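Chemist: Predicted model, plus sequence, below.
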Amino acid sequence: MSAPVLDPDLLQAFVAVADHRSFTRAATALNRTQSAVSMQVKRLEERLKAELFHRSTSSVDLSAAGEGLLGYARRILSLNAEAIGRVREHGTDGRVRLGVMDDYGTLIVPPLLREFVADYPLIHVEMETGLTSSMTDRLGEAYDLVIAMHPEGRGEGELLRTEQAVWAASASHRVEEFDPLPVALYPQGCLFRAWAMQALDEANRPWRLAFVSHSLSAVEAIAAQGLAVTVVKSGTFPPALRRLTARDGMPRLPRAEIRLHRAPNLSRAASLLADHLVAALRQQTKRAS
């Protein structure tokens, strides 16, 4: 003999009566008639073959069976609401314009987008990589979301993680010993470019700008060939390069914050992606710590 199925509508009536200790107040809360609520509770009791309430003219109290069922009923209703919401959101459609730094757009974000698109196949994400210092000024106009880098303790948006700026060079060439020091950096507007120049100047270290490019892979290729040193994030440190420290004669660089910026009046599609990115990146940081 199969076990009885617990109808969420019946459980909803049962929980309402248990919460309000009154069939009348439960009916008002559910926008149903008192007789309808009473009938639903009766049907649930018949299905379970158990009395769920002790009723009197002045009170309605849970029976032992009712007390045992209440926690399960709340969990079933919560899962029911979650399942319905998930299915409905799965059908959400729209377009989301995402701006992100080159290294995050290459290494960090693509797996997160794969997960997101699997859950929301009707949402089309358009991602652009580059210098994010100017992207935040165009939120709402050109971008719905921007993942940008800021000096530690400064900048708006939601904090996702912190990153240490570090020097990097070829694994097989001692380019850090050159004088002047050749440096490969990104164009003006890049925070790491400004930090590298300032740190070298303050350390009175002679240097020259040997290579400039918007392309992360191009800058890393130059560094890997021993033609220059560069600056990267510790969290996305290229495996082909070698980390340089004070023992190599390099000045220490500041820490940066990675923050998510949302345009005003986001669509539901953009809000879903933003929430997914925040949760996923924070979870990655938690696992790494």
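Modeler: That came through fine. None of these values were measured; they are calculated from a predicted model.

Chemist: Can you show me the strands along the stretch 151-289 of the chain?
Modeler: Using DSSP state E, counting those that start in this stretch, the strands of the stretch 151-289 of the chain run over residues 158-170, 181-185, 207-212, 230-233, 241-244, 255-262.

Chemist: Can you tell me which of those is nearest to Val125?
Modeler: strand 255-262 (14.3 Å; C-beta to C-beta). In short, each C-beta sits where N, CA and C put it, glycine included.

Chemist: so what secondary structure elements neighbour the closest one?
Modeler: strand 145-151, strand 158-170, helix 268-288 (3 or more C-beta pairs under 8 Å, 6 or more residues apart in numbering; DSSP states H and E).

Chemist: can I get these in TSV with mean neighbour count, mean pLDDT and distance to Val5?
Modeler: Listed next are these as TSV, based on neighbours: other C-beta atoms under 10 Å; pLDDT from 0 to 100; distance: least, C-beta to C-beta, whole Å:
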stretch	mean neighbour count	mean pLDDT	distance to Val5
strand 145-151	22	94	43
strand 158-170	20	94	43
helix 268-288	16	87	32
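
Chemist: Ok, which of these comes nearest Tyr186?
Modeler: So among these, strand 145-151 is nearest, using C-beta to C-beta, at 11.2 Å.

Chemist: ok, back up a step: can you list the helices and strands packed on strand 255-262 in a markdown table and add distance to Thr28?
Modeler: Shown next, in a markdown table, are the helices and strands packed on strand 255-262 (distance: least, C-beta to C-beta, whole Å):
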| stretch | distance to Thr28 |
| --- | --- |
| strand 145-151 | 43 |
| strand 158-170 | 40 |
| helix 268-288 | 32 |
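
Chemist: wait, which of these is closest to Arg243?
Modeler: It's strand 158-170; of the helices and strands packed on strand 255-262, that one is closest to Arg243 (C-beta to C-beta) at 5.8 Å.

Chemist: Thr106 against Thr129, yeah?
Modeler: Yes: with contact defined as C-beta atoms under 8 Å, Thr106 counts as touching Thr129 (7.2 Å).

Chemist: Of the two, which one has the most company?
Modeler: Per other C-beta atoms under 10 Å, whichever of Thr106 and Thr129 has more neighbours is Thr129, with 20 against 14.

Chemist: shouldn't that one be in contact with Ile108?
Modeler: No: applying C-beta under 8 Å, one finds Thr129 not in contact with Ile108, separated by 11.1 Å.
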